[in-house]
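Peer 1: Turn this into a structure:
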Amino acid sequence: MQYLEGLNDRQKEAVLHTEGPLLIVAGAGAGKTRVITHRILHLIKKGVAPHSILAITFTNKAAKEMRERVHALITTDPSLSPDHPALPTFPWLGTFHALGVYILRENSQRLGLSKRFTIFDKSDAVQAVKEAVRETNLDPKNFEPGKILGAISREKGKMVTLEMFKERANGDYMPAIVADIWEKYEAVLKKEKALDFDDLLLKTALLLKNDEGVREHYQKLWNYVHIDEYQDTNHVQYMIAKLLAESHKNIAVVGDADQNIYSWRGASIKNILGFEKDYQNAKIVFLEENYRSTQTILTVANRIIEKNKMRPPKTLFTKNNNGEKVGLFTAYDEVQEASFIAQRSKQLITEGVSPSEIAVLFRANFQSRALEEAFLREEVSYQVLGVRFFERREIKDILSYVRAAENPESLADLRRIINVPPRGIGKVTLLKIFAGKEEELPATMRVKIGSFRKLLTELQEKLRTEPLSSAIKWIVTASGLEGELKKGGSEDEERLENIRELVTFAMRYDHEVAREVGVDKFLADIALQSDQDELKDEKPAVRLMTVHASKGLEFEYVFIAGLEEGLFPHERMNETKDESAKEEERRLFYVALTRAKKRVFLTYAGVRTIFGSRQVTVPSEFIFDIDEEFLQAENYLEGGGKTIFFD
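Peer 2: A predicted model of the protein is given here:
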């Protein structure tokens, strides 16, 4: 078994256990992706058909990496020649949401859905909720659509339907309002033949639960189920996994209770802690050897996390060297803190470190402003994770053209593009079109609308017959958008460059022989993009991001900024008696530490401006949790800055 030679004993144990339930408790940097991919290869070499293997992860980035690794393992294995009977097919590897799209499109008729349903992204969904709030005769300023959508999302994540929620609301004021808005929101989705992100999971779980024929079909199709990042599953994801593995119990889950940091969006640590109860006689394998970090980083991380009680005991170790001590910088305020981070990053880059191997992590998004200003001053290239390419106005315009051509009943898309670029079609005209009173419009206006509809029909034809990138190039020109942007200034020029980048992205789908399949994949992949998918690997820049966004990534040097009580750990930790919330903040710090390969820098400010108010701060308890022998004071590089020292 030559392909197992690079694995340690625990990794081999996990790879070779193929029958029955398996829990792989994989610490940070312990090579979990390597284990999953080698396990898939091992199953195929044993004679398992690739198409009967399913592997689910959480981000497109992780799924892409897994696909590439599995493909490389299969194609380079000497015993699996290209004409091997197993190889015409490939395992199904993707995210939970992508799996939902796949299953719902295959079973759209059973659910009364259009096979070409539109996927509402967050901004589409917020806009639809806003409409629903207005229809309920409420003021969106008092009933914020984003918060209402968040409440609906949490319920769907618990596998609660609108009908169940209405029964439970029982006339209580706020639940009754949410139920009313939710009902009108569902009507908007139905009218526009659309589903939101949560529907992709909820409707899939309900279909598998309630339709025995569908459930048995997928249980027979996928005999081996793998779930990555199992600690991040919410109830509906947990149920999808459970239902798919119900008959054969060949489910292998990989996770780490110490990295459960998403309870605010429904992830339940109980899923991984209760795996042995769910699956009797489950085998458990601990992966504790870390291949990423220095021993100093791991020792600090271990001592931080061992204070938590809701975890199976686990201690990370490495054969790497001890490495440097953790740097600690005490700044006067957030400006000096940001200056130190930017200057120290610049120094590291001068010493030969690639900018993309440096990350600055923070607890709250507002912290990025001071950091961006400092990096601009120091002329250090940076990228803020969370500035979403596919959320840009011009990109959404083009996507709306494609979606409207595919689904003419998507009123949200029609509303967005009917006057982009300007065609003289105003809001009143739009309302009459949506109300079915088009015949009341003047003849000249009806001609304009007819011309617009002809444009969408032609685009639909091109999407069916030409490569996707060609169809998008065509609509950019034929719609008049290119000409409009060429007339503008530098901002419009940048928008045009972004549209050209979209065309380049679309080329990935040109190879699909069935053009409709390519369009569906393109729209689904874009709708399901996460922040991490926005990382441009080819751009050498320091990465700035929240700790939550850094999960699953690794860098040589990591700065963790804003380590102050009330900020990190967050103020909610002091306000609650809920021990689980306190443990999650500690897990978040643990995740931040274990992103680093070579060295960690911790920073905090003695004074910080929050919501326009200057506040004296207290250093984070996390700093005091680290033994002094592992800390090294860092100096402000320019000198002369004010510094406050705390005893």
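Peer 1: Flag the shaky bits of this structure, pLDDT-wise.
Peer 2: By pLDDT under 70, the low-scoring segments of the chain are 81-88, 386-388, 530-538, 572-577, 611, 637-647.
Peer 1: and the longest helix for it?
Peer 2: The single longest helix within the chain, with elements called by DSSP state H, is helix 443-465.
Peer 1: Check the offset of the next helix or strand along the chain from it from the chain's centre.
Peer 2: As assigned by DSSP states H and E, the chain's next helix or strand after helix 443-465 is helix 468-478. Chain-centre distance of helix 468-478: 29 Å, with Cα atoms, centre = their mean, to the nearest Å.
Peer 1: List the contacts of helix 468-478.
Peer 2: Applying Cβ atoms under 8 Å, 6 or more residues apart in numbering, the external contacts of helix 468-478 come out as 398, 401-402, 455, 458-459, 462-463, 466, 481-483, 499, 502-504, 506-507, 509-510, 512, 515, 518-519, 522. Backbone N, C-alpha and C define where each C-beta goes, glycine included.
Peer 1: Please pick the buried ones from these.
Peer 2: 398, 401-402, 455, 459, 462-463, 481-482, 499, 502-503, 506, 509, 512, 515, 518-519, 522 (16 or more other Cβ atoms under 10 Å).
Peer 1: Tell me how far the longest helix of the chain lies from the chain's centre.
Peer 2: Here the centre of helix 443-465 is set off from its chain's centre by 35 Å, with Cα atoms, centre = their mean.
Peer 1: what helices or strands is that helix leaning on?
Peer 2: When contacts are defined as 3 or more Cβ pairs under 8 Å, 6 or more residues apart in numbering; DSSP states H and E, helix 443-465 packs onto helix 393-406, helix 427-434, helix 468-478, helix 515-527.
Peer 1: and the next element down the chain from the third one?
Peer 2: Looking back up the chat, that one is helix 468-478. Once helix 468-478 ends, the next helix or strand along the chain (criterion: DSSP H and E) is helix 481-487.
Peer 1: Near residue 465, how many residues? Count them for me, please.
Peer 2: The tally of other residues near residue 465 (other Cβ atoms under 10 Å) stands at 10.
Peer 1: I'd like to know how far it sits from residue 597.
Peer 2: Residue 465 sits 49 Å away from residue 597, taking Cβ to Cβ, to the nearest Å as the criterion.
Peer 1: In contact with the nearest residue to residue 92 once chain neighbours are set aside, which residues are there?
Peer 2: The shortest distance from residue 92 to any non-neighbouring residue, by Cβ to Cβ, 6 or more residues apart in numbering, is to residue 54 (5.0 Å). Residue 54 sits next to 91-92, 99, 222, 224-226, 244 when contact means Cβ under 8 Å, 6+ apart.
Peer 1: Pairing partners for the one helix or strand residue 54 maps to, with directions?
Peer 2: Using DSSP H and E, residue 54 falls within strand 53-57. In the sheet, strand 53-57 lines up against strand 92-95 (parallel), strand 224-227 (parallel) (DSSP bridges).
Peer 1: just those: most buried one?
Peer 2: Most buried of the strands paired with strand 53-57 by mean neighbour count (mean count of other Cβ atoms under 10 Å) is strand 224-227; its value is a mean of 25.
Peer 1: What lies in contact with the helix or strand following it?
Peer 2: Proceeding N to C from strand 224-227, the next assigned helix or strand is helix 235-245, under DSSP H and E. Residues from elsewhere that reach helix 235-245 (Cβ under 8 Å, 6+ apart): 21, 54, 56, 96, 99-100, 156-159, 198, 201-202, 204-205, 208-209, 215, 218-219, 222, 225, 227, 230, 233, 251, 253, 266, 268, 271, 278.
Peer 1: Which of the residues you listed fall in strands?
Peer 2: Mapping these onto strands (DSSP state E) picks out 54, 56, 225, 227, 251, 253.
Peer 1: Pairing partners for the third one in the sheet, please.
Peer 2: It refers to residue 225. Beta-bridge pairing for residue 225 (DSSP bridges): residue 54, residue 251.
Peer 1: what's near enough to touch it?
Peer 2: Contacts here follow Cβ under 8 Å, 6+ apart; on that basis residue 225 touches 54, 56, 241, 244-245, 250-252.
Peer 1: tell me which residues of the longest helix of the chain are tucked away?
Peer 2: 445, 448-449, 452, 455-456, 459-460, 462-463.
Peer 1: So for the host helix or strand of residue 133, what gets flagged as buried?
Peer 2: Assigned by DSSP H and E, residue 133 belongs to helix 122-135. In terms of neighbour count (16+ other Cβ under 10 Å), helix 122-135 has its buried residues at 124-133.
Peer 1: for residue 359, helix, strand, or coil?
Peer 2: Counting by DSSP: H, G, I helix; E, B strand; the rest coil, the backbone at residue 359 sits in strand.
Peer 1: List the contacts of it.
Peer 2: Contact partners of residue 359, counting by Cβ under 8 Å, 6+ apart, are 542-545, 550, 553, 555, 557-559, 595.
Peer 1: biggest strand in this protein, by residue count?
Peer 2: The chain, longest strand under DSSP E: strand 596-610.
Peer 1: Using PDB, list the CA coordinates for that one.
Peer 2: Listed next in PDB are the C-alpha coordinates belonging to strand 596-610 (Å, rounded to 0.1, in the frame of the first residue of the first chain):
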ATOM      1  CA  ALA A 596       0.000  30.500  12.300                       C
ATOM      2  CA  LYS A 597       2.900  28.400  11.000                       C
ATOM      3  CA  LYS A 598       5.900  30.400  12.300                       C
ATOM      4  CA  ARG A 599       5.000  33.200  14.600                       C
ATOM      5  CA  VAL A 600       2.100  34.900  16.300                       C
ATOM      6  CA  PHE A 601       1.900  38.600  17.300                       C
ATOM      7  CA  LEU A 602      -0.700  39.800  19.800                       C
ATOM      8  CA  THR A 603      -1.600  43.400  20.100                       C
ATOM      9  CA  TYR A 604      -3.900  45.600  22.200                       C
ATOM     10  CA  ALA A 605      -4.600  49.300  22.700                       C
ATOM     11  CA  GLY A 606      -4.800  51.100  26.000                       C
ATOM     12  CA  VAL A 607      -7.400  53.500  24.500                       C
ATOM     13  CA  ARG A 608      -9.800  52.700  21.700                       C
ATOM     14  CA  THR A 609     -12.500  54.700  19.900                       C
ATOM     15  CA  ILE A 610     -15.700  52.700  19.600                       C
END
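Peer 1: residues making contact with the helix or strand hosting residue 581?
Peer 2: In this assignment (DSSP H and E), residue 581 forms part of helix 579-593. Under the contact criterion Cβ under 8 Å, 6+ apart, helix 579-593 has outside partners 28, 258-261, 263, 269, 297, 300-301, 304-305, 307-310, 361, 363, 547-548, 550-551, 558, 560, 568-570, 572-573, 576, 600, 622.
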